[in-house]
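Visitor: With the input below, show me the fold.
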Amino acid sequence: MAEPKRPAKNQLPATSVRDFRRLLDQALSALDDEGRKWADARWGCYAFFDYDGEPIYVGQTNEQLRTRVRRHLTNQRTDAVAMRILDVFEVAEMELWPLWEFDNVTKKRDPDGFKAAQARLDTVEYTAYLKAIAASRFQAILNEKIPPLSPTTDLPPSRRFPLISEETRAERGHPDVRIARRAETISRLAAVAHERGEVSDGLRRVLVIQAIRLAYISAVRLAYVEGRAAPDPSAIDITRLVGSLLYERSDPHGRTDEDDMGDGEDD
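Guide: So this is what the prediction gives:
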């Protein structure tokens, strides 16, 4: 009898994970009207959306969009994932805003240009964040740290990409699956707060927002099985629970989380 062969590593993940990574690869390879890959921009912002099209996270990078997005979505460490703030299984779509005009700007080559590029990046991220807040049924997303308070601006051209197949949507998108997964995410996040003790205000704020998301999807499921209309999200007053989500109370003009940032230097 022939010895069994080791399987290829890319065949080991579950089918839904392989589908997700296939669609992510397609998104990261997609070209714009000028033949550039959207994700190849060194500077830019990104947003993630859940199965309902609800915005759940906004970030920025100057280390290349594809690098940053992959770190979030393929189990390569980011603070948002490591701290159990962002559940990759909840991500169904992403949107990219590349800032091509700064592609050759680095701190070493052009310190003043780097500072100007960072200021522009902050305004784009803050504007994208406000857009996400406005689009959210809860007026809240899962950023541990609110982006620095910045002037708003016209957003650059963007593109939104699907990251799940119809098969994955059918499997993971069932309300009972999502309720169980969300409850598990909250449990893990609460465990981080318990085990570390000293955690950011933002992590505790995200814990509240995740609990709101769990309460709402559970209430919608209950209404469905009882044959009632879905509850109105406005029944939840987010600002009365966590305060303003338009700026970071402890550091309104501060930098975004250091894990979200590259240094703009050459490799």
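Visitor: which other helices and strands contact the host helix or strand of Tyr57?
Guide: For Tyr57, the enclosing helix or strand under DSSP states H and E is strand 55-61. Using 3 or more CB pairs under 8 Å, 6 or more residues apart in numbering; DSSP states H and E, the elements in contact with strand 55-61 are strand 44-49, helix 65-73, helix 111-135. Quick note: C-beta positions are derived from backbone N, CA and C, even for glycine.
Visitor: ok, Phe138 - contacts?
Guide: 54, 209, 212-213, 216, 233, 236, 238 (CB atoms under 8 Å, 6 or more residues apart in numbering).
Visitor: so can I have a markdown table of those residues showing distance to Phe138 and pLDDT?
Guide: Converted to a markdown table, the contacts of Phe138 look like this (distance: CB to CB, whole Å; pLDDT from 0 to 100):
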| residue | distance to Phe138 | pLDDT |
| --- | --- | --- |
| Glu54 | 8 | 97 |
| Ile209 | 7 | 97 |
| Ile212 | 6 | 97 |
| Arg213 | 7 | 97 |
| Tyr216 | 7 | 97 |
| Pro233 | 6 | 94 |
| Ile236 | 6 | 94 |
| Ile238 | 6 | 95 |
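Visitor: so which of these is the most crowded?
Guide: Highest neighbour count within the contacts of Phe138: Arg213, with 25 neighbours (other CB atoms under 10 Å).
Visitor: is it true that Asp40 touches Leu96?
Guide: No - using CB atoms under 8 Å, Asp40 is not in contact with Leu96; the gap is 10.2 Å.
Visitor: between the two, what contacts are shared?
Guide: Leu65.
Visitor: Comparing these two, which residue is more hemmed in?
Guide: Higher neighbour count among Asp40 and Leu96: Leu96, with 25 against 18, using other CB under 10 Å.
Visitor: Am I right that that one sits in a strand?
Guide: Yes - membership of Leu96 in a strand is supported by DSSP: H, G, I helix; E, B strand; the rest coil.
Visitor: returning to that earlier point: out of the helices and strands packed on strand 55-61, flag the one nearest Lys145.
Guide: helix 111-135 (10.6 Å; CB to CB).
Visitor: mind checking how far whichever helix or strand comes after that closest one is from the chain centre?
Guide: Under the assignment DSSP H and E, the closest C-terminal helix or strand after helix 111-135 is strand 159-162. With CA atoms, centre = their mean, to the nearest Å as the basis, strand 159-162 stands 13 Å off its chain's centre.
Visitor: And the average pLDDT for stretch 119-133 is what?
Guide: Stretch 119-133 shows a mean pLDDT of 98.
Visitor: Just the buried positions in that stretch, please.
Guide: 120-133 (16 or more other CB atoms under 10 Å).
Visitor: Low-confidence regions, the stretch 101-250 of the chain specifically.
Guide: Applying pLDDT under 70 to the stretch 101-250 of the chain flags no residue at all.
Visitor: Tell me what the closest residue to Val69 other than its chain neighbours is bridged to.
Guide: Nearest residue to Val69, sequence neighbours excluded (CB to CB, 6 or more residues apart in numbering): Tyr46, at 5.9 Å. Counting by DSSP bridges, Tyr46 forms beta bridges with Gly59, Leu96.
Visitor: so Tyr46 makes contact with Glu95?
Guide: Yes - with contact defined as CB under 8 Å, Tyr46 reaches Glu95; the gap is 6.7 Å.
Visitor: any idea how far Phe161 is from the residue lying closest to Asp32 once chain neighbours are set aside?
Guide: Leaving aside its chain neighbours, Asp32 sits nearest to Trp38 (5.7 Å; criterion: CB to CB, 6+ apart). Relative to Phe161, Trp38 is positioned 8 Å away (CB to CB, to the nearest Å).
Visitor: Find residues that contact each of those two.
Guide: Residues touching both Trp38 and Phe161 (CB under 8 Å, 6+ apart): 27, 30, 96.
Visitor: If anything else comes up later, I'll come back, but that's it for now.
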